[in-house]
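Colleague: structure, please.
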Amino acid sequence: MANSTRTKVGEIRPSQLLFAFGVGAVIELRHLSTIVMGLDDWDVAHAREIGEERLLAAVRAYLSAPVTTLRLPPQEPPAASMVAEALRPSAPVGIPVAPFPHWMLCPRCRLLTDLRSGLLDLRRDSRHPDRTRYEHGNCNKAIKPTVLPARFLVACERGHLDDFPWLRFVHHDRDDCPGRLRLYEPGIAGEAADVSVHCEECGAHRRMSDAFGEADRAWRPRCRGRWPHLRDYAADGCDQDMRAILLGASNSWFPIVLSALSVPSTTNRLAQLVEEHWALLGKATSLEIIAFLRQTGQLSAFAAYSDEAVWDAIEARRSADAGTAPAATSLRGPEWELFAHPDPSLDTADFRLRPVGAPTAYATLLEQVVLVERLREVRALVGFTRIESPGDFDALGDVPPDRRAPLSRRPPTWLPAVEVRGEGLFIQFAEEAIQAWLGRGDAVEQRKRDFFEAYRGWRFARGLDSPLDQYPGLRYVLLHSFAHALIRQLALACGYAMASLRERIYARPPDADDGPMAGVLLYTAAPDSEGTLGGLVSLGEPLTLQRHVVQALEQAGLCASDPLCADHHPYQQGTTLHGAACYACLFLPETSCERGNKYLDRWVLAGTIAERRAAFFST
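Modeller: As a prediction, this is how the structure comes out:
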């Protein structure tokens, strides 16, 4: 990672750029606080392109932008040695960052000053980049102490972020006094009430507690529309009020990520290989380029095929596209077709299925189980939010465009992405059993109405419209709740942490255009170990899976928070969108759940202490 002067200041993993420290996020280092700059400042010379046409079409549709490629974050070539790195004065490969916030605090004399004031000096350490720091050269309390970033910022719900307005705050919205500021913390708790800022020139002072809580409502300044990661301001300004937040606050950055599984589209092995390597082969314009790629070792996967055969396959692929981008109607449809109708002839190096029988005890409820021995998932960062997370909305499509912060000053032509490989279990429910359960009686009908009213009320409380075609229905609640209950159980035995397991729900009613869907994919995609240890697949054998399903349903039948959890209604003043579910029974980490722990209910699985007769798995 490098700052604007090309000085290396730290390291992060590629996956963190999508889920923790992406574009616009603030990264706190040992002595510095920096913000990841927009895509306009990235050098993509060392950013390898990822091929995934279905996801590329989906991000184009989502952003309405001419995105042409997905790329891995820039990484140094593997040949770079530690000795060469230590001797090199600057690191040309990395993610650009810039210091943020600009206001710094001297821990010795308590001076609060801006980096642009000329009072601070940057000290680089090429051998130990994490020691790069700013020093207060003329401090009257110590010799060149290392300064720290001020831990207060302001942000708004439209994704803008700015330095805390210290001068206006201490002077009660006056800006005519340029005096030096000091920040004092007489208490030891670090609470805002124990922190106060003082002006040496006019003697004005104010406690930081005035920027939080009830006092915050009267103080909030108008947002300036600042995009620090773009070095720009919103063209139309901003009509929102800023809210004070702490440096490193969890609500300062939420990623918006789209993902897709790499699934084969043909039984022709050569065509599959061309599809997998299309990011490279799609740029070939002649047979000579194919020969060059083979000579440079970039076509090792095509060793069994001649240059002419590879070129013919590329031409066939272009002809099939007919100059049009792939349809972005559904990311889940092609995946469902392959899982529901597993075909060994479609297996690839990144996609391998093995169907097994459903557990005997649930043969009438579950259609089949498919062991996903290999899978590849590509995830792309399409934006981010502040204050409100995408989970505060029902789906990613509900995030208003003005709440989605941009990744670049101009419409992006590429997006940062990561590819991870893993394993999983696909469990297909019997459609006849679901239809019979949905029509079982008054209790199920009432639960349908409860969740539908919760859906309408929840969206109304957030100022969202309520299109009926986006309501997932009780079918989704059943599949989602089952996935959560089973993930919690499998995490105890598969060898992966619960946060490393993910879900993909395939739920579609019979009246949909392409027919019904009813299945769940539980999988792991861990970039460090490539997620292919086999621990999850081994639990999908019928007898083993049956034991875990039985235990998961037993655990779901009784919660440590009962009777409060069991009596929870799906709709409570528009604040919730789940039934009998909580962190003690069904909730999962945010990295595991695709809907932010919404549409969950133990009632539909095995029932609760209040009602068990209408559950899907009731005996």
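Colleague: now the strands for the stretch 401-550 of the chain?
Modeller: Along the stretch 401-550 of the chain, counting by DSSP state E, counting those that start in this stretch, strands occupy 414-429, 501-508, 517-525.
Colleague: roughly how far is the shortest one from the heart of the chain?
Modeller: The chain centroid and the centroid of strand 501-508 are separated by 16 Å under Cα atoms, centre = their mean, to the nearest Å.
Colleague: and that strand, average pLDDT?
Modeller: The average pLDDT for strand 501-508 rounds to 94.
Colleague: list the contacts of residue 99.
Modeller: With contacts taken as Cβ atoms under 8 Å, 6 or more residues apart in numbering, residue 99 has the following neighbours: 3, 32-35, 115, 134, 149. Any C-beta I mention is one placed from the backbone N, CA and C, and that applies to glycine too.
Colleague: nearest to residue 57, of the residues you listed?
Modeller: Each of the contacts of residue 99 was scored against residue 57 by Cβ to Cβ, and residue 35 proved nearest at 30.8 Å.
Colleague: relative to residue 243, how far out is that closest one?
Modeller: From residue 35 across to residue 243, the span is 18 Å (Cβ to Cβ, to the nearest Å).
Colleague: redo the contacts of residue 99 as CSV? Include pLDDT and neighbour count.
Modeller: CSV is the format used below for the contacts of residue 99 (pLDDT from 0 to 100; neighbours: other Cβ atoms under 10 Å):
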residue, pLDDT, neighbour count
3, 46, 21
32, 88, 24
33, 91, 21
34, 92, 24
35, 94, 21
115, 90, 18
134, 92, 20
149, 93, 24
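Colleague: widest-spaced pair of those?
Modeller: Farthest-apart pair in these is 35 and 134; separation 15.3 Å (Cβ to Cβ).
Colleague: which ones are touching residue 615?
Modeller: Counting by Cβ under 8 Å, 6+ apart, residue 615 makes contact with 603-607.
Colleague: whoops, residue 39 was the one
Modeller: Contacts of residue 39 (Cβ under 8 Å, 6+ apart): 23, 407-408, 412, 414-416.
Colleague: quick one: low-confidence ranges for the stretch 1-150 of the chain?
Modeller: 1-6, 76-92 (pLDDT under 70).
Colleague: tell me where the stretch 251-400 of the chain has helices.
Modeller: Chain-ordered helices for the stretch 251-400 of the chain, with DSSP state H, counting those that start in this stretch as the definition, fall at 269-276, 278-281, 287-295, 307-321, 332-340.
Colleague: mean neighbour count added to the ones you listed, as JSON lines?
Modeller: Converted to JSON lines, the helices of the stretch 251-400 of the chain look like this (neighbours: other Cβ atoms under 10 Å):
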{"stretch": "helix 269-276", "mean neighbour count": "19"}
{"stretch": "helix 278-281", "mean neighbour count": "18"}
{"stretch": "helix 287-295", "mean neighbour count": "15"}
{"stretch": "helix 307-321", "mean neighbour count": "15"}
{"stretch": "helix 332-340", "mean neighbour count": "19"}
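Colleague: residue 598 reaches residue 392, doesn't it?
Modeller: No. Here residue 598 lies out of contact with residue 392, judged by Cβ atoms under 8 Å, at a distance of 10.1 Å.
Colleague: what packs against the helix or strand harbouring residue 153?
Modeller: Assigned by DSSP states H and E, residue 153 belongs to strand 152-155. Judged by 3 or more Cβ pairs under 8 Å, 6 or more residues apart in numbering; DSSP states H and E, the packing partners of strand 152-155 are strand 161-163, strand 243-246.
Colleague: about what we covered before: can you put the contacts of residue 615 in CSV and add neighbour count and pLDDT?
Modeller: Output for the contacts of residue 615, formatted as CSV (neighbours: other Cβ atoms under 10 Å; pLDDT from 0 to 100):
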residue, neighbour count, pLDDT
603, 28, 90
604, 26, 91
605, 25, 91
606, 21, 85
607, 23, 81
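Colleague: can I get those residues in TSV including secondary structure and distance to residue 225?
Modeller: Converted to TSV, the contacts of residue 615 look like this (DSSP: H, G, I helix; E, B strand; the rest coil; distance: Cβ to Cβ, whole Å):
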residue	secondary structure	distance to residue 225
603	helix	46
604	helix	45
605	coil	47
606	coil	51
607	coil	52
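Colleague: just those now: which is nearest residue 487?
Modeller: When the contacts of residue 615 are ranked by distance to residue 487 (Cβ to Cβ), residue 605 comes first, at 13.1 Å.
Colleague: quick one: residues contacting that closest one.
Modeller: Applying Cβ under 8 Å, 6+ apart, the residues contacting residue 605 are 478, 481-482, 485, 553, 556-557, 615-617.
Colleague: my guess is residue 307 meets residue 284, correct?
Modeller: No. Contact criterion Cβ under 8 Å: residue 307 and residue 284 do not qualify, at 10.3 Å.
Colleague: list residues touching both of the two?
Modeller: Contacts common to residue 307 and residue 284, judged by Cβ under 8 Å, 6+ apart, are residue 290.
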